[in-house]
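Engineer: Sequence plus the predicted model coming up.
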2 protein chains.
Amino acid sequence: MGDRWAIGLDLGGTDLKSGRVAHDGVLQGFSRRPSRTAESPDGPFQALEAAAMELRGSTQGEIVALGVGVPGPIDPRSGSQVGRTAHLPEWQDTPVRQWLEKRLGLPVAVDNDANLAALAEHRMGVARGTRISITITLGTGIGCGIIVDGRVLHGGWGGAGELGHIPLARGTTECACGVPGCVEPEASASGLMRQARERGLEDQSAEALFHRARLGDEEAQAMVEAMVDRLGATVATAVNILNPQLVVVGGGLAKAGDTLLDPLGRAIRRYALASHAKGLRIEPAALGERAGTVGAGILAWERVTRPVAASASRES
Amino acid sequence: MGDRWAIGLDLGGTDLKSGRVAHDGVLQGFSRRPSRTAESPDGPFQALEAAAMELRGSTQGEIVALGVGVPGPIDPRSGSQVGRTAHLPEWQDTPVRQWLEKRLGLPVAVDNDANLAALAEHRMGVARGTRISITITLGTGIGCGIIVDGRVLHGGWGGAGELGHIPLARGTTECACGVPGCVEPEASASGLMRQARERGLEDQSAEALFHRARLGDEEAQAMVEAMVDRLGATVATAVNILNPQLVVVGGGLAKAGDTLLDPLGRAIRRYALASHAKGLRIEPAALGERAGTVGAGILAWERVTRPVAASASRES
């Protein structure tokens, strides 16, 4: 048939999500697999290749390009990972785009996973029509994508949006990032779980702790409150610096729904300037766990329809 | 003569600086006067009008437009002040542009003073050729302008760059902004002077305290070190979120030169992510006290050469 598709791949710490994305952003064939085929540096590459080949085989029509979201900052000009990321420590300076283009013979565009979730929310989700929005993805850590005038703000070398690693911690737990007083250990789901383990609690997930807090458990309430306060201060810091119209809250932790969103919204407004909080909307992500895959497909389409730029997004 | 000029006005808490700016950014007739003719809400307006009229009278050639920098956030679409600012508390929601256009019969463009300093540094100063830079202006408080792809990043309602008001304080001194733990009282020159007064010190300016610290006074050293640490953490927070190629350090306090820049540079790099500090340049402003006036003139020119947009800068 004459249908044309882009492949979207969203590589996380645990799962690789994939699907085909039409030019209008519609997603088909969404599925997930482990993000590594083996415990080697090549493991994620092999998983990406396998997912792309499988989608190619099952797609009726033409595959025009491949888009990939990866954890950690990507330089949009080189298509290389810059800086370390906890989930892919071996990938620093890895030329992700070049490798995949060679293996697959397709135009490839690569970006940070939170940037792609933000792009998808802008094109297809809750951020449609906004001039400036930030999308935070609360998974193991804290991701953030910034969209200005419809394009991802990358910063000088792809590192914009590293919102988790700012010196807002109250305590002294060290983060692997090296920033003194980095807030991520106090403001993230993984930090919450580490605290739970240290206290001998048996909750299996941050969502479980949130649920227990909602039911009235005082220890869980205090832990969740402290975490949400730090996360709110973190997001409010970005709000005061960027003055967005909208904060989109996504990622696995967003499944906690109002249990998270209500107190987080209050915490953001507590630390935001009144002038910045006034018109600000805070909304759950519309695309859920599929946002990264949809964003990867949108990026791939923009790679082929705007071939001069190496990616769809601002190369700033 | 056939010369054409824009008038640039830079309204500060104490001084109003003014001059005429040619299309290529060259400044002539720079002067300063008190920023209020009277202690009334109209005082700054009268000073602006008087400075504009005087420049009009002394200029050979045509005045094409007027650009004005004011402290506090300005909505670029309405030309109105949004939010309170310590220096012009009576100006909240004041339609600065409309008032001046009516009085002067000229096209007028208005923006925040730090945004205009940043614009001037990008067009004529040390930020030329950068894709993303931030310019901090260290006067009484902490100003910040963000330039992305040659345009000011305004955010949703003109409030982007409110870098001073983020919750990074170590102590409990309250800031008038209302943000709990706002860092400005610990990271600004005015905060340093307030501490000096509380300790019964007789230094007349932050520069004097910096000088005394340089000469080895231990009390001054400890105070300056604590202030520079918080300022560094503040700027590094913007660096981690925006990943700029360049931080420009301007404003009156920048006159302290290396006495400020050396320890501030170290503090910024201490709190910045390694990947973000790696290629980052930190430079003193090239245009000094004239940056705001030059930026106002550039903005005025862009107002008349890009008439569809209400200002030269990104309306994001």
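Structural biologist: Done, it's in.

Engineer: Could you measure from A:Ala254 over to A:Thr234?
Structural biologist: The span separating A:Ala254 from A:Thr234 equals 15 Å under the rule CB to CB, to the nearest Å. Using the backbone N, CA and C atoms, a C-beta is placed for each residue, glycine as well.

Engineer: More neighbours: the two, which one.
Structural biologist: A:Thr234 (31 against 21; other CB atoms under 10 Å in any protein chain shown).

Engineer: The more buried one touches A:Val183, doesn't it?
Structural biologist: Yes: when contacts are counted by CB atoms under 8 Å, A:Thr234 is listed as touching A:Val183 (5.4 Å).

Engineer: helix, strand or coil for A:Arg103?
Structural biologist: helix (DSSP: H, G, I helix; E, B strand; the rest coil).

Engineer: ok, and the closest non-adjacent residue to it?
Structural biologist: Nearest non-adjacent residue to A:Arg103, counting by CB to CB, 6 or more residues apart in numbering or on different chains: A:Glu49, 5.7 Å away.

Engineer: OK, contacts around that neighbour?
Structural biologist: For A:Glu49, the contacting residues are A:Leu100, A:Arg103, A:Leu104, by CB atoms under 8 Å, 6 or more residues apart in numbering or on different chains.

Engineer: What about these, which one has the most neighbours?
Structural biologist: Comparing these on neighbour count, A:Leu100 comes out first with 23 neighbours (neighbours: other CB under 10 Å).

Engineer: Residues in contact with whatever helix or strand that residue lives in: which ones?
Structural biologist: Counting by DSSP states H and E, the secondary-structure element that holds A:Leu100 is helix A:96-104. Contact partners of helix A:96-104, identified using CB under 8 Å, 6+ apart, comprise A:45, A:48-49, A:52-53, A:66, A:68, A:70, A:74, A:78-81, A:106-110, A:310.

Engineer: Now the element after it, going C-ward?
Structural biologist: Scanning forward in sequence from helix A:96-104, with DSSP H and E defining helices and strands, the next element found is strand A:108-112.

Engineer: I'm curious whether that next one, anywhere along its length, sits up against chain B.
Structural biologist: No: shown here: strand A:108-112 not in contact with chain B (CB under 8 Å from any CB of the partner chain), separated by at least 11.1 Å.

Engineer: Quick one: list the elements packing against that strand.
Structural biologist: Taking 3 or more CB pairs under 8 Å, 6 or more residues apart in numbering or on different chains; DSSP states H and E as the contact definition, the neighbouring helices and strands of strand A:108-112 are strand A:62-70, strand A:74-75, helix A:96-104, helix A:291-305.

Engineer: avg pLDDT for that strand?
Structural biologist: Computed over strand A:108-112, the mean pLDDT rounds to 95.

Engineer: what pairs with the lowest-mean-pLDDT helix or strand in chain A, and is each one parallel or antiparallel?
Structural biologist: Each helix and strand of chain A was given a mean pLDDT (mean pLDDT, DSSP states H and E); the minimum falls on strand A:80-81 at a mean of 79. According to DSSP bridges, the neighbouring strands of strand A:80-81, each with its direction, are strand A:74-75 (antiparallel).

Engineer: Identify the residues contacting the strand it pairs with?
Structural biologist: Residues lying outside strand A:74-75 but in contact with it, judged by CB under 8 Å, 6+ apart, are A:Ser80, A:Gln81, A:Val82, A:Val96, A:Val110, A:Asp111, A:Asn112, A:Asn115, A:His154, A:Trp157, A:Gly158.

Engineer: Of those, grab the buried ones for ChimeraX.
Structural biologist: Filtering the contacts of strand A:74-75 down to the buried ones (16 or more other CB atoms under 10 Å in any protein chain shown) takes a single ChimeraX command:
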select /A:80,81,82,96,110,111,112,115,154,157,158
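
Engineer: would you turn the contacts of strand A:74-75 into TSV with distance to B:Asp229?
Structural biologist: TSV is the format used below for the contacts of strand A:74-75 (distance: CB to CB, whole Å):
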residue	distance to B:Asp229
A:Ser80	33
A:Gln81	31
A:Val82	27
A:Val96	37
A:Val110	37
A:Asp111	34
A:Asn112	30
A:Asn115	31
A:His154	29
A:Trp157	26
A:Gly158	28
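
Engineer: what stretches of chain A score poorly on pLDDT?
Structural biologist: Under the criterion of pLDDT under 70, the regions of chain A flagged as low confidence span A:1-2, A:83-90, A:307-316.

Engineer: what is in contact with A:Thr234 and A:Val183 at once?
Structural biologist: Common contact partners of A:Thr234 and A:Val183 (CB under 8 Å, 6+ apart): A:Gly164, A:Ile166, A:Leu168.

Engineer: Hmm, the first one is touching A:Ala189, no?
Structural biologist: No: applying CB under 8 Å, one finds A:Gly164 not in contact with A:Ala189, separated by 11.2 Å.

Engineer: ok so, going back, confirm that the residue nearest to A:Arg103 sits in a helix.
Structural biologist: Yes: read with three-state DSSP, A:Glu49 is one of the residues of a helix.

Engineer: any idea how far A:His122 is from it?
Structural biologist: When distance is defined by CB to CB, A:Glu49 is 29 Å away from A:His122.

Engineer: Just give me the residue right at the centre of chain A.
Structural biologist: Relative to the mean C-alpha position of chain A, the nearest C-alpha, by CA atoms, centre = their mean, is the one of A:Ala114, at 2.4 Å.

Engineer: would that one count as being in a helix?
Structural biologist: Yes: for A:Ala114, which was evaluated using three-state DSSP, the result is membership in a helix.

Engineer: Out of the helices and strands packed on strand A:108-112, which gets nearest to A:Gly19?
Structural biologist: Between A:Gly19 and these, the shortest gap by CB to CB is with helix A:291-305, which sits at 4.9 Å.

Engineer: from memory A:Leu273 sits against B:Cys175, does it?
Structural biologist: No: taking CB under 8 Å as the contact criterion, A:Leu273 and B:Cys175 are not neighbours in contact, 10.3 Å apart.
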